[in-house]
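> Sequence and predicted structure, then a few things I'm wondering about:
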Amino acid sequence: MPELPEVETARRTLEQLVVDKTIEDITVHWPKIIKFDEGVDSFIERLKGQTFRSIGRKGKFLMFYLDGDVLVSHLRMEGKFSVKSETEPDDKHTHVIFHLTNGEQLRYNDVRKFGTMHLFKEGQEYGVPPLTLVGPEPFDESFTLDYFKAKVQRSSRMIKNILLDQSVVAGLGNIYVDETLFKAGVHPERRGSSIEDIELVRIQQAAAETLLDAVEKGGSTIRSYVNSQGKIGTFQKQLLVYSQQGTPCPNCGREIIKIKVGGRGTHLCTACQQ
DNA sequence: ACCCAGCCCTGGGCGC
DNA sequence: TGCGCCCAGGGCTGGG
């Protein structure tokens, strides 16, 4: 499941592969992925002839900058982009194909079909959903203690739910939230209003540290997730609690347990996280 | 303002 | 071997 580190890894890889390449045509096998009011046909027509200029990222969104337009894509659970020669056969989960003028293809593959693509005129993308709902990333300068205090300590929601809220802090998903709360020593079911300043600082540091470390390792490869070059990340080897239920806590040796928080599988050590 | 269920999907794991 | 069932989950919507 791509979270910020996996999306950033994809961004870096794709930038090497598609910048300066031009879209000749687009094939859409699963139209629901295209979130464009004017329809799939106009989506295709508008992108034809445009060249990829750069690739950005905001939270878990990939942003492909072209000639005046920006394609904003969310990979959701299992979405992935790859660049292949047009002679390579595509599998049944390839739903969108950008045919490039050099004979290559940028392919969007998604077993769950949950991913999305929005298209905006460059400059308008931040004024409308989905990007209006994306807050600061853990290492942004605007992610200050005062900002975080206001969002957390005035809330009765559980801290895990607050951290999964992309408008509060962008980039964390189920894996890295569990890792962050373990490192910070905070129980995921604690109410926001009960979290002390010192704990908020620990959460901020743990979130930034965890995400940056995972970016360095190329993200986590859970199940079949691989990046655009088919390479796998290695961060899953150093997950402290996620999917570690039944094994000893790396800190105290007590058993890591799995519970449900807000409908999400949640991994923690009840001794280390109060 | 919050929570929850349901929705979108399919493959994998389970019981039988 | 295989069927049917349930689960996983990010973001969104609709109802309480």
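Nice, I can see it.
> ok, residue A:188 touching residue A:158?
Yes: at 6.5 Å, residue A:188 and residue A:158 qualify as touching, with contact defined as CB atoms under 8 Å. For the C-beta atoms, the positions are set from N, CA and C on the backbone; glycine is no exception.
> Give me the common contacts of those two.
residue A:261 (CB atoms under 8 Å, 6 or more residues apart in numbering).
> quick one: residue A:269 from residue A:34, how far?
As judged by CB to CB, to the nearest Å, residue A:269 and residue A:34 stand 43 Å apart.
> quick revisit: pick out whichever of residue A:188 and residue A:158 has more residues nearby.
Applying other CB atoms under 10 Å to residue A:188 and residue A:158 shows that residue A:188 carries more neighbours, namely 23 against 18.
> which residues does the more buried one contact?
Contacts for residue A:188 (CB under 8 Å, 6+ apart) come out as A:158, A:159, A:160, A:177, A:178, A:181, A:261, A:266, A:268, A:273.
> can the residues you listed go into CSV with extra columns for pLDDT, distance to DNA strand B and secondary structure?
Below are those laid out as CSV (pLDDT from 0 to 100; distance: CB to the nearest atom of the strand, whole Å; DSSP: H, G, I helix; E, B strand; the rest coil):
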residue, pLDDT, distance to DNA strand B, secondary structure
A:158, 92, 5, strand
A:159, 94, 10, helix
A:160, 94, 9, helix
A:177, 94, 14, helix
A:178, 93, 17, helix
A:181, 95, 15, helix
A:261, 89, 8, strand
A:266, 90, 12, strand
A:268, 92, 17, strand
A:273, 94, 18, coil
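> Is it possible to mark the buried ones in those?
A:158, A:159, A:160, A:177, A:178, A:181, A:261, A:266, A:268, A:273 (16 or more other CB atoms under 10 Å).
> Around DNA strand C, which positions in the stretch 151-274 of chain A sit nearby?
Residues of the stretch 151-274 of chain A found near DNA strand C (CB under 7 Å from any atom of the strand) are A:164, A:166, A:173, A:174, A:175, A:264, A:265.
> Please list the members of these that lie in helices.
Counting by DSSP state H, the part of these found in helices is A:164, A:174, A:175.
> how near is the residue in the stretch 51-200 of chain A that DNA strand B sits nearest to to residue A:164?
Here the stretch 51-200 of chain A gets closest to DNA strand B at one residue, residue A:157, 3.4 Å apart by CB to the nearest atom of the strand. Distance of residue A:157 to residue A:164, computed by CB to CB: 10 Å.
> the longest helix in chain A is where?
Longest helix in chain A, counting residues (DSSP H): helix A:197-216.
> just to revisit the earlier point, okay but the residue of the stretch 51-200 of chain A closest to DNA strand B is in contact with residue A:192, surely?
Yes: look at residue A:157 against residue A:192 with CB under 8 Å: they come within range, at 5.5 Å.
> Between those two, point out the one with more neighbours.
Ranked by neighbour count (other CB under 10 Å), residue A:157 and residue A:192 place residue A:192 first, with 20 against 17.
> quick one: contacts for the more buried one?
A:151, A:152, A:153, A:154, A:155, A:156, A:157, A:158, A:159, A:162 are the contacts of residue A:192 under CB under 8 Å, 6+ apart.
> Local confidence estimate at it?
Confidence at residue A:192, expressed as pLDDT, is 93.
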